[in-house]
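A.B. asks: below are the sequence and a predicted model for it; my questions follow.
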Amino acid sequence: MRARCFDFRLSVLSGVAIGLLAFTAPAAATVNSGAAALATSLDDAWKACNAPQLSSAARIANCTTIIESARAKRAAHAQALVARGFGYVSQKDFDRAFADFDAAIRSNPKLAVAYYYRGAVQMERDPKRALADINKAISLNPNDPDYFRERSSIYAKRKEYPRAIADLTIAIGLAKKPPKSEYFLRGAAYQDSGQRDKAIADFQASLVLDPDNDVLRRHLIHLGGEIPKAVQLPSGLCSENDITHEQRIAGCTASIESGTLTGWPLKVAYCNRGYALTELGEYDRVVTDSNALIAIDPQAGCGYLNRARAWYYKDDLDRAIADYTQAIRFDPRLHEAYASRGTAYFDRREFDKAIADYSAAISMDSHVPMYFSDRGNTRFMVGDYRRAIADYDRAIAIDPNYSQAYARRGWAFLLLEELAKAEADFDKALALAPGDARAQSGRAEIHQRQNNPVPEERSTGLSFDNLRRMVEQPGEAAAKKDHP
């Protein structure tokens, strides 16, 4: 159960601005997004150094102007180092970020935020030093909830759950905005320490503050907890499980046109209708529905996700990828968006990007067999047959009746000349799905290699070479059917 909790925790927190991502430089000011990359005065440089809407490169350049200026006061010099360090964090240049945070501490040993960020960037490489830095930050500024939240993550990794829980309780008390991430993290610590009832209570509190979090909603149900009334869907809101797509569309339409829905329930109705329309192939209507939802909420991840699927099935991969990317941007918990974008990259033969997206989806939900199978298919395409087999193994472990995974794994074994294993997989695939073309063709290839009579089922016409050509053209409709 704890391993499952770890994956779940990653998927939920990927959309929460915590730790390094919560940074706002001191005395931040706003500037127009079209401002020049390099300011002409120290005042303008300071504004641009702290402007989150500018690119990290522009912020770094303007922070450097302050750092290298002989006219900058000592306090401003240290703060500019912190701001530039965070610019490097945005670029994932953690060595330079560490150097800047370190320099800021030397310039101003009482600057708590510099210790906080220096600790954060060394969380993985040197947890002991990271803890020492976070402790120092707390001693200098005991009123910042971010510091306690960061320290709690160190304690949680060390399985010191009482300390993690204590820090998160302080962070909740200090929070100036709804502490949905703190409730969630404390709930995870309670769960990992075997305190199920307290975990459920915290997950419920987190869900009330984050009603769109379907991952948390499902996990709460899995634990046996009730969904709080404040975030229960109104009855009849086209969200029932055992209804047809047509019934879902009719129910959602009635709810939307009633004029009584606002906020989150209205968004759910649009999301559910868009999904059902996609399943029925009504792609133009999906685009229209998604546009309406995005007009209501420009950050509605499911609106971009539904529209991306419509573009994908309309063979507009560029628009599909752009919308999947927007869905991920506004709701990083949407593992479906990562997996579907991976499929679009697969169809464009950008296999490295596809593998990265499937891996991201798996890190958020490791219980979907298709994610492993699709990553296996992609690794198969680049000739990485052993790792493809490992992915098919995982897919089959989750769903022992996943016929396509057996057929694909059989081909990987066949190309590795492990004919007995390949034949066993093809036989299993055909037992589960009689007439499976890949399994038929694979088994026929084995019979040919062994100079045995080819079964009559080979009348499908899929030879080894023809099958390879089909697999190597993933944009074709036949290949698309294997993907979500």
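C.D. replies: Nice, thanks for sending it over. Numbers count the residues shown, from 1 in each chain.

A.B. asks: contacting residues around the helix or strand hosting residue 379?
C.D. replies: Using DSSP states H and E, residue 379 sits within helix 369-381. Under the contact criterion C-beta atoms under 8 Å, 6 or more residues apart in numbering, helix 369-381 has outside partners 335, 339, 342-343, 346, 351, 354-355, 358-359, 361-362, 365, 385, 387-392, 394-396, 398-399, 402, 404-405, 408-409, 411-412, 471-472, 474, 482-484. Heads up, the C-betas are built off the backbone N, CA and C, glycines and all.

A.B. asks: the same query, at a cut-off of 7 Å, please.
C.D. replies: By C-beta atoms under 7 Å, 6 or more residues apart in numbering, the list of residues contacting helix 369-381 from outside reads 339, 342-343, 346, 351, 354-355, 358-359, 361-362, 387-388, 391-392, 394-395, 398-399, 402, 404-405, 408, 412, 482-484.

A.B. asks: buried among these? Need that as a selection in PyMOL.
C.D. replies: Paste this into PyMOL to select the buried members of the contacts of helix 369-381, with burial taken from 16 or more other C-beta atoms under 10 Å:
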select buried, resi 339+342+343+346+351+354+355+358+361+362+387+388+391+392+394+395+398+402+404+405+408+412+482+483
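
A.B. asks: mind listing what's buried in the host helix or strand of residue 58?
C.D. replies: Residue 58 is located in helix 56-67, with elements delineated by DSSP H and E. Along helix 56-67, the positions that meet the burial threshold by neighbour count (16+ other C-beta under 10 Å) are 56, 58, 59, 60, 61, 62, 63, 64, 65, 66, 67.

A.B. asks: rebuild the residues you listed as JSON lines, extending it with pLDDT.
C.D. replies: Output for these, formatted as JSON lines (pLDDT from 0 to 100):
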{"residue": "56", "pLDDT": "89"}
{"residue": "58", "pLDDT": "91"}
{"residue": "59", "pLDDT": "91"}
{"residue": "60", "pLDDT": "93"}
{"residue": "61", "pLDDT": "93"}
{"residue": "62", "pLDDT": "91"}
{"residue": "63", "pLDDT": "92"}
{"residue": "64", "pLDDT": "93"}
{"residue": "65", "pLDDT": "90"}
{"residue": "66", "pLDDT": "90"}
{"residue": "67", "pLDDT": "92"}
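
A.B. asks: quick one: name whatever helix or strand follows the helix holding residue 58.
C.D. replies: helix 74-90.

A.B. asks: what does that following helix contact?
C.D. replies: Contacts made with helix 74-90 from outside it, assessed by C-beta under 7 Å, 6+ apart, are listed as 20, 23, 25-26, 49-50, 56, 59-60, 63-64, 66-67, 72, 96-97, 100-101, 103-104, 107-108, 111, 113-114, 117, 121.

A.B. asks: let me know the next secondary structure element after that helix.
C.D. replies: Next along from helix 74-90, by DSSP H and E: helix 94-107.

A.B. asks: pull out the buried positions in that following helix.
C.D. replies: Residues of helix 94-107 classed as buried by neighbour count (16+ other C-beta under 10 Å): 94, 96, 97, 98, 99, 100, 101, 103, 104, 105, 107.

A.B. asks: other SSEs contacting it?
C.D. replies: The criterion is 3 or more C-beta pairs under 7 Å, 6 or more residues apart in numbering; DSSP states H and E, and the helices and strands that helix 94-107 contacts are helix 74-90, helix 112-121.

A.B. asks: alpha carbons of the last one, as PDB, please.
C.D. replies: Going back to what we said before, that points to helix 112-121. Once non-C-alpha atoms are left out, helix 112-121 reads as follows in PDB (Å, rounded to 0.1, in the frame of the first residue of the first chain):
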ATOM      1  CA  ALA A 112      16.300  33.100   5.400                       C
ATOM      2  CA  VAL A 113      15.100  32.500   1.900                       C
ATOM      3  CA  ALA A 114      18.600  31.900   0.700                       C
ATOM      4  CA  TYR A 115      19.100  29.100   3.200                       C
ATOM      5  CA  TYR A 116      15.700  27.700   2.200                       C
ATOM      6  CA  TYR A 117      16.500  27.500  -1.500                       C
ATOM      7  CA  ARG A 118      20.100  26.300  -0.900                       C
ATOM      8  CA  GLY A 119      18.600  23.500   1.100                       C
ATOM      9  CA  ALA A 120      15.900  22.700  -1.500                       C
ATOM     10  CA  VAL A 121      18.400  22.300  -4.400                       C
END
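
A.B. asks: just how off-centre is that helix within its chain?
C.D. replies: Going by C-alpha atoms, centre = their mean, to the nearest Å, the spacing between the C-alpha centre of helix 112-121 and its chain's C-alpha centre is 26 Å.

A.B. asks: give me the angle between it and helix 74-90.
C.D. replies: In terms of direction (axes from the mean of the first three to the mean of the last three C-alpha atoms, to 10 degrees), helix 112-121 departs from helix 74-90 by 20 degrees.
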